[in-house]
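> Return atomic coordinates for the entry below.
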Amino acid sequence: LREMIEKMVGRKMVVPRDFAWLSEKVEERTQQRVSASTLRRFWGYVSEGVSASKFTKNVLANFLGYADFEEFGLSQGTGERQSQMVMGKEISCDNLYEGHSFDYDRTAFALQRIVWGLFKKMVIADRANILVSEVFGSAGKYSGSVILLAGVLYTLQIYAEFSGCMDIVIGSGQLFGVTMSENFCRPFFSKSVNEFWRRWHITLGAWLKDYVFYSVSLSKPFMKLSRFAKEHLNEFLGSLVPASFALFFTWFGIGFWHGAGWKYIIYGLYYYIIMMLGMYAEPLIAKFFSALKIKRESAPLNIFRIFRTLILVIGGMMLFRADTVCDWIFMLKRIVTDFGGGTFLKDALLCGMDKADFLITAIGAAVIFTVSLLQEKGIEIRESIAQWALPVRWAVYLALVLAVIIFGAYGIGYEAVDFIYGQF
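Have a look, this model is predicted:
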């Protein structure tokens, strides 16, 4: 946290006037006061044997653009910076130049992760691609229900393929003792689009935050805008309006990174608009829940938020997969106006996938969901399996390998599918 703040402000905190200056900057940006003496204590220049308060850590995390220190911790635990903590060990590019002796446990874990990535890619993603390619290539032939199924399967496909690719890459690095950044953190358990993008393609978001968001928000014109907004607007809008401008360039950058075309620009701005609507409506939403005395962190409401976020993400993924924006609008319109649920099963089986393909895809998705749910609850899957009896442990390993060999979508009747993100 200290290093990131110093990097953000472009200044090392050494002498008392540095901390006085930082205290002013923190208050200016967050509207919260953290004294210079508290900052000196946090940086370790004053030793009183007292750890930093939750308030101090939350304010400093907010200064960096995070909601609170817990959110900051989540981002660091999932590989959001070039230098970070993974399994209690700081990693950086220096990791590539170190010598690494053979380690059985590390090698076993690496091979397990590679096979897990192959399972996602070959069993699930490549099989889902059969229906996805057919429907997105000829959407006019199908009812809205089949188009919606294609949208769901494409969302599953791109997650299984992209995260599977990362599993293979990270596992390959682990074979040689090279620890690499995580790029996904169970995004489909997100309760908002904002949280989804903190869990999805984490390294891209981190890079854009460092080199676009901070560059814009710390520029002189932006600082003038920020001061003007705080002087002429209320406290809520005074902090949100300037952030909205900086986030616009960030999300424009996300779209432009995927391709120099309007479809990709609109793809980035699609999520930007959704996030802005949520942020600006937050006071009204808070009043609504307060008036009805509804607990915002209740389990039923969180489940609703997860499904709501999933629907919005599927809409975004359909735009990402569609050939043009007009095709995307046509498919959304067909879902609403011509759902055609009565012929759904018959039409779905005409898209290249048979009943066995659907069953294998459904089982594979259920396996991914179960593993993700256990990980979301803090259970380390590979570490837990490593504690099982040898015959049971190896039965699980062999079952996963055989699943890839037997159920992988390759060979006669299937086409080899390139990695989607190979073109970006």
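> buried residues in stretch 199-212?
Neighbour counts over stretch 199-212 (16 or more other Cβ atoms under 10 Å) mark 199-210, 212 as buried. Glycine gets a C-beta too; all of them are placed from N, C-alpha and C.
> Quick one: low-confidence residue ranges for the stretch 251-400 of the chain.
When residues are selected by pLDDT under 70, none of them lie in the stretch 251-400 of the chain.
> Export the buried residues of stretch 199-212 as TSV, with columns for distance to Ala128 and secondary structure.
Shown next, in TSV, are the buried residues of stretch 199-212 (distance: Cβ to Cβ, whole Å; DSSP: H, G, I helix; E, B strand; the rest coil):
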residue	distance to Ala128	secondary structure
Arg199	21	helix
Trp200	18	strand
His201	19	coil
Ile202	23	helix
Thr203	24	helix
Leu204	23	helix
Gly205	25	helix
Ala206	28	helix
Trp207	29	helix
Leu208	28	helix
Lys209	31	helix
Asp210	34	helix
Val212	33	helix
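> Show me the contact partners of the helix or strand where Leu373 lies.
Using DSSP states H and E, Leu373 sits in helix 355-376. With Cβ atoms under 8 Å, 6 or more residues apart in numbering as the test, helix 355-376 has contacts from 119-120, 123-124, 127-128, 130, 153, 156, 160, 186, 188-189, 348-349, 353, 381, 407, 409.
> one more time with 7 Å, if that's ok
Contact with helix 355-376 is made by 120, 123-124, 127-128, 130, 156, 160, 186, 189, 381, 407, as judged by Cβ atoms under 7 Å, 6 or more residues apart in numbering.
> Could you dump those residues into CSV and include neighbour count?
Formatted as CSV, the contacts of helix 355-376 follow (neighbours: other Cβ atoms under 10 Å):
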residue, neighbour count
Lys120, 27
Val123, 26
Ile124, 28
Arg127, 27
Ala128, 28
Ile130, 22
Leu156, 23
Ala160, 25
Arg186, 17
Phe189, 18
Ile381, 14
Phe407, 19
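> among those, which are in helices?
127-128, 130, 156, 160, 381, 407 (DSSP state H).
> Return the closest of the residues you listed with respect to Asn62.
Proximity of these to Asn62 (Cβ to Cβ) peaks at Ile381, which lies at 33.2 Å.
> quick one on the thing from earlier: max pairwise distance over the buried residues of stretch 199-212: which two?
Farthest-apart pair in the buried residues of stretch 199-212 is Arg199 and Val212; separation 19.5 Å (Cβ to Cβ).
> Could you export the contacts of helix 355-376 as JSON lines, including distance to Tyr397?
Output for these, formatted as JSON lines (distance: Cβ to Cβ, whole Å):
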{"residue": "Lys120", "distance to Tyr397": "16"}
{"residue": "Val123", "distance to Tyr397": "16"}
{"residue": "Ile124", "distance to Tyr397": "19"}
{"residue": "Arg127", "distance to Tyr397": "22"}
{"residue": "Ala128", "distance to Tyr397": "25"}
{"residue": "Ile130", "distance to Tyr397": "28"}
{"residue": "Leu156", "distance to Tyr397": "25"}
{"residue": "Ala160", "distance to Tyr397": "20"}
{"residue": "Arg186", "distance to Tyr397": "23"}
{"residue": "Phe189", "distance to Tyr397": "27"}
{"residue": "Ile381", "distance to Tyr397": "12"}
{"residue": "Phe407", "distance to Tyr397": "16"}
